[in-house]
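J.: I would like the atomic coordinates for the input below:
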Amino acid sequence: MLAPAAAPAAPFRPTVPRPRTEPMGLFAFLRAARANPLTTWYAEHFEQPIVTGEGALGRVTVVSEPAAIRHVLVDNAANYRKDDLQRRVLAPGLGNGLLTAEGDEWRLQRRTLAPIFSPRHVARFEAPMSEAASRLARRLKRRDGQSVDAALEMTRVTLDVLERTIFTHGLAREPDALGRAITRYFEALGPIDPLDVFGMPDWLPRIGRIKARPALRFFAEVVDELIERRRALVTAGGEAPHDLLTLLLKAQDPETGRGLSDLEVRANIVTFIGAGHETTANALTWTLYCLSQDEAARKTVEAEVDAAFAATPAPGLDALPQTKAALEEAMRLFPPVPFMSRQALAEDRIGRIKIPRGSLVTVAPYVLHRHRRLWDEPDAFLPERFLPENRARIDRYAYLPFGAGPRVCIGASFSLMEATLVLAHVLHAVRLDRAPEAGPVVPLHRVTLRPQDGLRMRVTARG
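T.: Reported below is the predicted structural model:
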């Protein structure tokens, strides 16, 4: 008699903060938002398309309906700017760069940076990305049987990619020191300060800004060294590489001929070193975590990468649909930037909901990507959602790991290619499992979404 077939394993469902069902008072909200904003979401946010109400930030409308999101981020984007709270958090470290600038200043910077992130230019980065990924894979393979912090390893490889692509003469500092400074920056400035919530003057001291000062000084030293070395090369008549730094220094508005100021150049370099690398590193970390907890999904990806590397030592994206799908599904569950908000410049209406001038409209990828009305099994890790044959079923404005509209992440294609290639090289070389000594994995919202205490994993060499 034949034994019954084994039931398929249930998909992995990561443990995350449970949505609230009981209202919070003002001080309870401020405490929770400062500790971890993920704990402030209510069940109705994951169930209703639009939720509006009054709170510590005034009137806030949380939008999780794709057509309404398109209205805010695309169709009527000119009526919505980044709100003051986001600017207060980001500007001390990132300055007035592409991520924080508004109006004509933002348009000039966007036009300046667009060429380096065009599809043709990004395609040229595939080889150096693969080289950085291969270097990481070799390093991990030498750690066979040992435990590593996967979050730190992903930080190292994304900084290596930056040095090989958009800062091609190097970052002039030891990568681990730079990675630690970036982590300290987000940990210091990430917690929401009540003084910022209530719009207190900038001259009042914030604890987070004080804690962030050493990291900010370090950033300034790194960036000034980069600019000084490149300017010296250009002045001496040397051949400057066609990378981000050169484009920033030579940028001119085609309409006015105006170039970027030193402050704007510095702000954008910090943005790409800090925010640009951080989001990709976190996406990779969460993908490795999810795959380590889902044996069926991991075996599927391993089979794909093994076949791809059997055909060529440096497979491209076309050979890695399962790998890319796992990455995109991890970014659904753990979006690198879990929260975006906009402030209405003039009164507006979203469906039957009135949006008063000056009020906040929030689009939260963390909520949107787990919304009960938009996703089947929203809390489960199911990479097959993002395979080419299924991708058309996902509404463009239901999945926003890189935002949307005029302010969509300029480096989205760069980041997606980088992360997919790194993931393929790592999974072909080693298996990473949760280390025996590791504690629970807690997602922490600190501007970006990262594991609270890193991700300790045990390395097992493959092949």
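J.: going forward, measure contacts between C-alpha atoms and count neighbours the same way
T.: OK.
J.: Tell me the secondary structure at the residue lying closest to Arg110 once chain neighbours are set aside.
T.: Excluding its sequence neighbours, the residue lying closest to Arg110 (Cα to Cα, 6 or more residues apart in numbering) is Leu98, at 6.7 Å. Assigned by DSSP: H, G, I helix; E, B strand; the rest coil, the conformation of Leu98 is coil.
J.: Residue numbering should commence at 813 henceforth.
T.: Done: numbering now begins at 813, and the last item shifts to Leu910.
J.: Leu910: how many residues sit nearby?
T.: When neighbours are counted by other Cα atoms under 10 Å, Leu910 registers 25.
J.: Would you agree it is in contact with Leu920?
T.: No. In this structure, Leu910 is not within contact of Leu920 by Cα atoms under 8 Å, at 9.2 Å.
J.: what touches both of the two?
T.: Common neighbours of Leu910 and Leu920, using Cα atoms under 8 Å, 6 or more residues apart in numbering, do not exist here.
J.: shaky segments in this protein?
T.: Counting by pLDDT under 70, the chain has low-confidence residues at 813-820, 868, 897-907, 984-985, 1000-1018, 1020, 1049-1050, 1066.
J.: Show me which helix runs longest in it.
T.: helix 1019-1047 (DSSP state H).
J.: for that one, which positions count as buried?
T.: Residues of helix 1019-1047 classed as buried: 1020-1021, 1024-1025, 1027-1028, 1030-1032, 1034-1035, 1038-1039, 1042-1043 (neighbour count, 16 or more other Cα atoms under 10 Å).
J.: so what secondary structure elements neighbour that helix?
T.: The contact analysis (3 or more Cα pairs under 8 Å, 6 or more residues apart in numbering; DSSP states H and E) places helix 1019-1047 against helix 987-1001, helix 1056-1062, helix 1074-1083.
J.: Those helices: which one's closest to His1183?
T.: Minimum separation from His1183 across the helices and strands packed on helix 1019-1047 (Cα to Cα) falls at helix 987-1001, 27.0 Å.
J.: Can you give me the buried ones in stretch 915-929?
T.: So for stretch 915-929, counting by 16+ other Cα under 10 Å, buried means 918, 920-922, 924-925, 928-929.
J.: would you turn these into CSV with distance to Ala1231?
T.: Formatted as CSV, the buried residues of stretch 915-929 follow (distance: Cα to Cα, whole Å):
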residue, distance to Ala1231
Trp918, 27
Leu920, 28
Gln921, 25
Arg922, 23
Thr924, 25
Leu925, 21
Ile928, 18
Phe929, 16
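J.: Looking at those residues, which are in strands?
T.: Using DSSP state E, no member of the buried residues of stretch 915-929 sits in strands.
J.: need the contact list for the closest residue in space to Ala1063 that isn't next to it in sequence.
T.: Excluding its sequence neighbours, the residue lying closest to Ala1063 (Cα to Cα, 6+ apart) is Gly1071, at 5.2 Å. Gly1071 makes contacts with 1061-1065, as judged by Cα under 8 Å, 6+ apart.
J.: let's see it at 7 Å
T.: Taking Cα atoms under 7 Å, 6 or more residues apart in numbering, we find Gly1071 in contact with 1063-1065.
J.: Whichever of those end up buried, select them in ChimeraX.
T.: Buried residues among these (16+ other Cα under 10 Å), as a ChimeraX selection:
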select :1063,1064
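J.: Just give me the closest of the contacts of Gly1071 to Phe1214.
T.: Ala1063 (24.9 Å).
J.: so who does that closest one touch?
T.: 924, 1071-1072.
J.: Repeat that for Thr1091.
T.: By Cα under 7 Å, 6+ apart, the neighbours of Thr1091 are 1148, 1260.
J.: Between helix 987-1001 and the host helix or strand of it, find me the angle.
T.: Using DSSP states H and E, Thr1091 sits within helix 1089-1105. Going by axes from the mean of the first three to the mean of the last three Cα atoms, to 10 degrees, helix 1089-1105 is angled at 90 degrees with respect to helix 987-1001.
J.: got a list of contacts for whatever helix or strand comes next after helix 1089-1105?
T.: Using DSSP H and E, the next helix or strand after helix 1089-1105 towards the C-terminus is helix 1107-1123. Identification of contacts with helix 1107-1123 by Cα under 7 Å, 6+ apart yields 1103-1104, 1127, 1131-1132, 1134-1135, 1236, 1239-1240.
J.: Just the CA atoms from helix 1107-1123 would do, formatted as CSV, please.
T.: Taking only C-alpha atoms (Å, rounded to 0.1, in the frame of the first residue of the first chain), the coordinates of helix 1107-1123 have been written out as CSV:
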residue,chain,number,x,y,z
GLU,A,1107,13.3,25.4,2.6
ALA,A,1108,11.2,24.9,-0.6
ALA,A,1109,11.8,28.4,-1.8
ARG,A,1110,15.5,28.2,-1.0
LYS,A,1111,15.9,24.9,-2.9
THR,A,1112,14.1,26.5,-5.9
VAL,A,1113,16.4,29.4,-6.0
GLU,A,1114,19.5,27.2,-5.4
ALA,A,1115,18.6,25.0,-8.4
GLU,A,1116,18.2,28.1,-10.5
VAL,A,1117,21.5,29.7,-9.6
ASP,A,1118,23.4,26.4,-9.9
ALA,A,1119,22.1,25.9,-13.4
ALA,A,1120,22.9,29.6,-14.2
PHE,A,1121,26.5,29.3,-13.0
ALA,A,1122,26.9,26.0,-14.8
ALA,A,1123,26.3,27.9,-18.0
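J.: tell me which residues of that helix are tucked away?
T.: Result for helix 1107-1123 [16+ other Cα under 10 Å]: buried residues 1108-1110, 1113-1114, 1116-1118, 1120-1121.
J.: cool, stretch 1168-1186 as well?
T.: Buried-residue list, stretch 1168-1186, by 16+ other Cα under 10 Å: 1168, 1170-1184, 1186.
J.: now the strands: where do they sit in the stretch 863-1012 of the chain?
T.: For the stretch 863-1012 of the chain, the strands defined by DSSP state E, counting those that start in this stretch occupy 870-875, 892-894, 959-961.
J.: Tell me how far the longest one lies from the chain's centre.
T.: This points to strand 870-875. When distances are taken as Cα atoms, centre = their mean, to the nearest Å, strand 870-875 is centred 23 Å away from the chain's centroid.
J.: List the buried residues of it.
T.: Here strand 870-875 shows 872-875 as buried, counting by 16+ other Cα under 10 Å.
J.: ditto for stretch 1201-1213
T.: Result for stretch 1201-1213 [16+ other Cα under 10 Å]: buried residues 1209-1213.
J.: From those residues, pick the one nearest Pro1147.
T.: The closest of these, once distances to Pro1147 are taken by Cα to Cα, is Pro1213, at 5.4 Å.
J.: Run through the residues that contact the closest one.
T.: Shown in contact with Pro1213 (Cα under 7 Å, 6+ apart): 1143-1144, 1147-1149, 1177.
J.: just Gly865 next, same as before
T.: Gly865 touches 871-873, counting by Cα under 7 Å, 6+ apart.
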